[in-house]
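I'd like to go over a predicted model; first the sequence, then the structure.
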Amino acid sequence: MKTIFPTLLILLVGCSSPSPTESFEGILTDLPSMPGKSEYLGTPYVTAGDRLYSVGHQDGSFPDLGWHVTGEMGGIWDHPIKLMDGFILGISAGSMYYCLNDAQEFINFPMANQHRFYPSEAIAVTRTQFVPDQKEGMIIEYVLKNTGDEALNLKVDFTGMVDLRPVWLAERLNQTDGQDLADFDKVNGTWAARDSLNSWHTVFGTDQQVSAWSQPKTECSDDRKGKGIDLTLQSEITIPPGEQKVLKYFISGSYKSQAQALETYKELEQSPNSLLQQKMDRYSKLAKIAKLTIPDQEIEAMYTWTKYNTDWLMRDVANQGRGLSAGIPDYPWWFGTDNTYALQGLLATGAHEEVKATIELILKLSESVKYNGRIMHEASTNGVVFNPGNLNTTPYFIHLLWKYYQWTGDTDMLRKTYPTAQKGLQWLEQEDKDGNGYPDGAGMMEIHGLHSEMIDVMVYTQAAYDAAFKMANALGDSSASKSYQQKAELLSKKINDEWWVPSAGSFADFRATRVETLQLIDAAIVRADTIQKPWAVEELKQLKAQVGRLRDNRVQSQVVHHNWVVNTPMELGIADVDKAEQALETARKYTNPFGMYVTGIDRDENQGKASKWKSFSYVGAVMTLPTGVQAISEARYGHPDASLDYLKKLANGFGYALPGSMYEVSPDYGMIVQAWNIYAVATPIVAHYFGVKPEAYNQTVTFEPHFPTGWDEVKLENILVGDNLISFEKTKSGFTITQTQPEWEILLISPELQKSTLVNGQPAELSSTTHILTGLRNEIIFR
């Protein structure tokens, strides 16, 4: 398969020659950005790169945050180790000392961020930081401005809060965090710190003359847990009235050697502006691939920034691999489950190389444990698999493998992964304990005791059979193809016949015996009562009485929790139309202005924060993934306006707390960046509103658009399918489609074609709703 990306760099970006003396602040001035809100200055942000990232608060501070490794999920991470808890600049001006950890403004850029401080009437400071691509390091710039009438003679102290420590689950590798030690390197003017028990290193320094260095705490230091040390570099500067001074600091790390950390440091120090320009160029390319132009500017911005957000989550770890992580700050490692959703969004937005790398990494991690076809759920960046996989992960991963082939036409990858699909389905079939065709075990819903026969497992298993049928067909495995097709068709029928609960107007949460169901209802009553949902308590008590009257203990379909996964039959399009219409109507009851409740019995009238609990919990959560699933479901069944309503709910949480991002739990709880958001936002737009159906292996792409009301003038440019770049535009006067591979076939299906008069200047067949197009450019004009 050809790769398009080197060509795209030339086609979409071009070349740049930045001035080596210009400040980051000046370079970024005209780029897209989003300002933060003053009420959220005390909440997290991320400065991201694929090798290293930094998490602090929008006010410029670095407090302890996160729960996975308690209080340690912030700071600077170079997975699989942490380098620092953070950094701070202190300014000594005469008798006054200012600690820059209380910024009044925060601005987010796709590839960098800024904090603005106003410590005195005479001093204004802008801090800008970014992480270069493929570097274990970051660069921080401070622009100190003299806004007074007299010269400023300042001492500035840059303190790195070193805390070299391992990532989560290090104890399983017998790794122990040692006391950190440090030496000042007079030759390079840098601090070099190391862990006393491991070969973990960090180096930092500045482009300024260092006048003093120290290990004792400065006035800006806080007491911290752990075995780290604070290291300070002091410089003396003078700023005339009305002028400014630019200071740069460089932080690098290595989990291999000090020499490697120092080498990275020198690369950062030698060309900081060029490294920033390179990152800006890459983000320019990212913006132009699958570029969306629609009348709704808020949805358009959310779509574009979600592409940026997803890029922030790419983790490249030596000795492990490269793949999309789940969320920051507490899930910065790899999930098979999350990626079954997220990678579909990345395929639609053109990040095919990243998808392939992530699939290969997930397979590698799955095979590192006792492998029987099961796809792992969660693994740390040190390679330790925490959860070998719930039942929903494996079938939906198989579904993803076929999606990848549709978008890329990568036959080598299909041959490589087809045995994975076969093994995965064999494993699933072995998990059917009672032989009724339904695997038994936990799915997406992490509710205690909920591990019988789950609706999402059944739906995704049906999708896996269908994917395996198509994979087998493509590879000429005719006997397996027929078997998988029969199993897919049978399971689709059984889901509609046996999982539909007419009294609830919904597909079931689960199927279980009378005794099991009563136990789950009792637990649900306690949950609903604890979070003060009297309506849910009453409904559950009525259901308990109904189930209690059953005379036998046979397995039945039940709607108890109104979990979002009851909508997966519509997400995948296997629900009968009449059932889908009822189920979609029922689902609309379990929303608030930010989207769909994870568990419907948690519904309330809360319009503000997603949760009131101080400890991390998903109870009461409204999440982006369930909301995106509903947007997809509505669009799939011919309701683009209802689908858009769900995207508008997502948009209510876009930039709510972190500018340019959506939290995992809407609007401001949990992860500040979440991988599956790209599925929630991009899939309904690309796959359903624009109706893009790729068949890269046949050099064919179908467009069957169904746009929401008011979307009369829309464009989706540079859609990547295989090695073809396709652009689609609709106006009130017609359609225009261009592509870079003229021999490919474009199939356009739309009722609007009945009013077309000209196709590429030739009279159109007035009754046709389908056009088959080839060539570089096709234009259809309406009468």
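Looks like it came in fine. Numbering: from 1, shown residues only.

from now on I want contacts and neighbour counts done on CA atoms only, so please keep to that.
Noted.

longest strand of the protein, counting residues only.
strand 152-166 (DSSP state E).

pull out the buried positions in stretch 712-732.
Using 16 or more other CA atoms under 10 Å as the test for burial, stretch 712-732 gives 714-730.

what is the mean pLDDT for it?
Stretch 712-732 comes out with an average pLDDT of 97.

just the CA atoms of it, as PDB, please.
What follows is stretch 712-732, C-alpha atoms only, in PDB (Å, rounded to 0.1, in the frame of the first residue of the first chain):
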ATOM      1  CA  ASP A 712     -26.900  23.900   2.600                       C
ATOM      2  CA  GLU A 713     -23.300  25.000   2.100                       C
ATOM      3  CA  VAL A 714     -20.800  22.400   3.300                       C
ATOM      4  CA  LYS A 715     -17.400  21.100   2.500                       C
ATOM      5  CA  LEU A 716     -15.200  18.100   3.600                       C
ATOM      6  CA  GLU A 717     -11.800  18.500   2.000                       C
ATOM      7  CA  ASN A 718      -8.900  16.100   1.700                       C
ATOM      8  CA  ILE A 719     -10.600  12.900   2.900                       C
ATOM      9  CA  LEU A 720      -7.900  10.300   3.000                       C
ATOM     10  CA  VAL A 721      -9.000   6.900   1.600                       C
ATOM     11  CA  GLY A 722      -6.100   4.600   0.700                       C
ATOM     12  CA  ASP A 723      -3.700   6.800  -1.300                       C
ATOM     13  CA  ASN A 724      -6.500   9.000  -2.600                       C
ATOM     14  CA  LEU A 725      -7.400  12.500  -1.300                       C
ATOM     15  CA  ILE A 726     -11.000  13.300  -2.000                       C
ATOM     16  CA  SER A 727     -12.800  16.600  -1.400                       C
ATOM     17  CA  PHE A 728     -16.600  16.900  -1.300                       C
ATOM     18  CA  GLU A 729     -18.600  20.200  -1.500                       C
ATOM     19  CA  LYS A 730     -22.300  20.800  -1.600                       C
ATOM     20  CA  THR A 731     -23.900  24.100  -2.300                       C
ATOM     21  CA  LYS A 732     -27.400  25.200  -3.100                       C
END
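
contacting residues for the closest residue to residue 731 other than its chain neighbours?
Counting by CA to CA, 6 or more residues apart in numbering, residue 731 lies nearest to residue 713, which is 4.5 Å off, once chain neighbours are set aside. Applying CA atoms under 8 Å, 6 or more residues apart in numbering, we find residue 713 in contact with 294, 295, 729, 730, 731, 732.

okay, and which of the residues you listed map to strands?
729, 730, 731.

sorry, back to before: please name every helix or strand in contact with the next helix or strand along the chain from the longest strand of the chain.
For strand 152-166, the following helix or strand on the C-terminal side (DSSP states H and E) is strand 180-185. For strand 180-185, the packing partners by 3 or more CA pairs under 8 Å, 6 or more residues apart in numbering; DSSP states H and E come out as strand 152-166, strand 190-195.

what comes up buried for stretch 630-643?
630-637, 639-643.

out of the residues you listed, which sit inside helices?
Secondary structure defined by DSSP state H assigns 630, 631, 632, 633, 634, 635, 636, 640, 641, 642, 643 of these to helices.

what's the neighbour count on residue 32?
10 (other CA atoms under 10 Å).

cool, residue 364 as well?
Other residues close to residue 364 by other CA under 10 Å number 16.

pLDDT of the host helix or strand of it, averaged?
According to DSSP H and E, residue 364 maps onto helix 352-367. Helix 352-367 comes out with an average pLDDT of 98.

helix or strand next in line after that helix, which one?
Scanning onward from helix 352-367 (DSSP H and E), the first element met is strand 378-379.

who does that following strand pair up with?
strand 331-335 (antiparallel), strand 385-387 (antiparallel) (DSSP bridges).

quick check: which of these is buried the most?
Highest mean neighbour count among the strands paired with strand 378-379 (mean count of other CA atoms under 10 Å): strand 331-335, with a mean of 26.

for the next helix-or-strand element following that one, name the packing helices and strands.
Next helix or strand after strand 331-335 toward the C-terminus (DSSP H and E): helix 336-348. Here helix 336-348 touches strand 321-328, helix 352-367, helix 393-408, helix 677-683, going by 3+ CA pairs under 8 Å, 6+ apart.

hmm, back to that, in the helix holding residue 364, what counts as buried?
Quick answer for helix 352-367 (16+ other CA under 10 Å): 352, 354-356, 358-367.

same question for stretch 245-265.
Quick answer for stretch 245-265 (16+ other CA under 10 Å): 246-255, 258, 260-262, 264-265.

do the same with stretch 207-219
208, 210, 213, 214, 218.

can I get that stretch in PDB? Just the C-alpha atoms.
The C-alpha trace of stretch 207-219 is given here as PDB (Å, rounded to 0.1, in the frame of the first residue of the first chain):
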ATOM      1  CA  ASP A 207      19.800  30.100  27.400                       C
ATOM      2  CA  GLN A 208      20.700  32.700  30.000                       C
ATOM      3  CA  GLN A 209      24.000  33.100  31.900                       C
ATOM      4  CA  VAL A 210      23.700  31.100  35.100                       C
ATOM      5  CA  SER A 211      24.900  33.200  38.000                       C
ATOM      6  CA  ALA A 212      24.100  30.800  40.800                       C
ATOM      7  CA  TRP A 213      22.700  27.300  41.300                       C
ATOM      8  CA  SER A 214      21.400  25.700  44.400                       C
ATOM      9  CA  GLN A 215      19.600  22.600  45.800                       C
ATOM     10  CA  PRO A 216      18.000  24.300  48.900                       C
ATOM     11  CA  LYS A 217      14.400  25.300  48.500                       C
ATOM     12  CA  THR A 218      13.500  28.800  47.300                       C
ATOM     13  CA  GLU A 219      10.700  31.000  48.400                       C
END
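
how many neighbours does residue 412 have?
10.

now swap in the one 3 residues further on and tell me
Other residues within reach of residue 415 by the criterion other CA under 10 Å amount to 14.

any idea which element residue 315 lies in?
Per DSSP H and E: strand 314-317 holds residue 315.

circling back to that earlier point, out of the helices and strands packed on helix 336-348, which is closest to residue 309?
helix 677-683 (8.5 Å; CA to CA).
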